[in-house]
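Asker: From the sequence below, what's the structure:
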Amino acid sequence: MQDIEVIENPQAAATALDPVRARLLGELAVPASAAGLAARVGITRQKVNYHLRALEAYGLVELAEERRHGGITERVLQASAASYVVSPAAVSVSAADPDATADHLSAAYLVALAGRLVREVGAVARRAGTSGRRLSTLTIDTRIGFRSAADRAAFADDLTAAVLELAARYHHDDGRPHRLVVAAHPLPEEGS
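Answerer: Residues are numbered from 1 along each chain as shown. Prediction:
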């Protein structure tokens, strides 16, 4: 089971987002048979089987084991990942393009960047997983409280200068290209 899977196929996204199927995916963090799931979620085994076939068709659940009981084979399935993220590419062919947004300080630009990040990292992670290689990434996630808009602006200027200086020092035209995204946004209010 993967830690996280990025869903790019529109039909797979629709399948995973169906409320019953989403619940079954959550339940399948622990492998179970259709009969076991039916008992846990209170749906008939036949309906559970119907939904499991749809999830299995898109690779969202996978066979964990088969158990033989007399002449009957019980299939035990598990979710293919602990959690899922739907790529913007699954929602629209014309996914938000950060290059099409002129205002680089806008929320629209930040959301478009986040969408591109999900698409790109999902694609390279899938290729790395298929080839059995580990994907090298770098993530910095922190919280900072600014006392004023002036402090926030000064921080942005200092951070920009530091990142540009580091990028100039380590960039090589013949090196493997990486994308660096640095973003800041207000945190949502608790409970919202």
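
Asker: For the residue most central in space within the chain, give me phi and psi.
Answerer: The C-alpha lying nearest the average C-alpha coordinate of the chain belongs to residue 85 (CA atoms, centre = their mean; 3.1 Å). Backbone dihedrals for residue 85, given as degrees, to the nearest 10, come out at phi -130, psi 130.

Asker: Can I get the one helix or strand in the chain whose mean pLDDT sits lowest in CSV? Just the C-alpha atoms.
Answerer: Lowest by mean pLDDT, DSSP states H and E among the helices and strands of the chain is helix 88-91, with a mean of 80. The C-alpha trace of helix 88-91 is given here as CSV (Å, rounded to 0.1, in the frame of the first residue of the first chain):
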residue,chain,number,x,y,z
PRO,A,88,-6.5,19.1,-11.0
ALA,A,89,-5.9,17.3,-14.3
ALA,A,90,-8.6,14.8,-13.4
VAL,A,91,-11.1,17.6,-13.0
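
Asker: For the closest residue to the residue nearest to the centre of the chain other than its chain neighbours, the count of nearby residues, please.
Answerer: Spatially, and ignoring its direct neighbours in sequence, residue 85 is nearest to residue 6 (5.2 Å; CB to CB, 6 or more residues apart in numbering). C-beta coordinates here come from the backbone N, C-alpha and C atoms, glycine included. Neighbours of residue 6 under the rule other CB atoms under 10 Å: 20.

Asker: Looking at the chain, which helix is longest?
Answerer: Using DSSP state H, we find that the single longest helix of the chain is helix 107-131.

Asker: what's the spacing between residue 164 and residue 55?
Answerer: With distances taken as CB to CB, to the nearest Å, residue 164 is found 46 Å from residue 55.

Asker: Between these two, which is the more surrounded one?
Answerer: It is residue 55, of residue 164 and residue 55, that has more neighbours when counted by other CB under 10 Å, with 23 against 10.

Asker: Give me the pLDDT value at that one.
Answerer: On the pLDDT scale, residue 55 is placed at 96.

Asker: That one is in what secondary structure piece?
Answerer: Assigned by DSSP states H and E, residue 55 belongs to helix 45-57.

Asker: Other residues contacting that helix?
Answerer: 15-16, 18, 20-21, 24-25, 34-35, 37-38, 41, 61-62, 77 (CB atoms under 8 Å, 6 or more residues apart in numbering).

Asker: Next: stretch 20-29.
Answerer: 1, 15-16, 37, 40-41, 43, 47-48, 51-52, 54-55, 60-61, 77-79, 82, 84.

Asker: switch to 10 Å and redo it
Answerer: Stretch 20-29 is contacted from outside by 1, 14-18, 32, 34, 36-37, 40-41, 43, 47-48, 50-52, 54-55, 58, 60-62, 64, 76-84, using CB atoms under 10 Å, 6 or more residues apart in numbering.

Asker: Please check these and keep the buried ones.
Answerer: Among these, those that count as buried by neighbour count (16 or more other CB atoms under 10 Å) are 14-16, 32, 34, 36-37, 41, 43, 48, 51-52, 54-55, 58, 60-61, 64, 77-81, 84.
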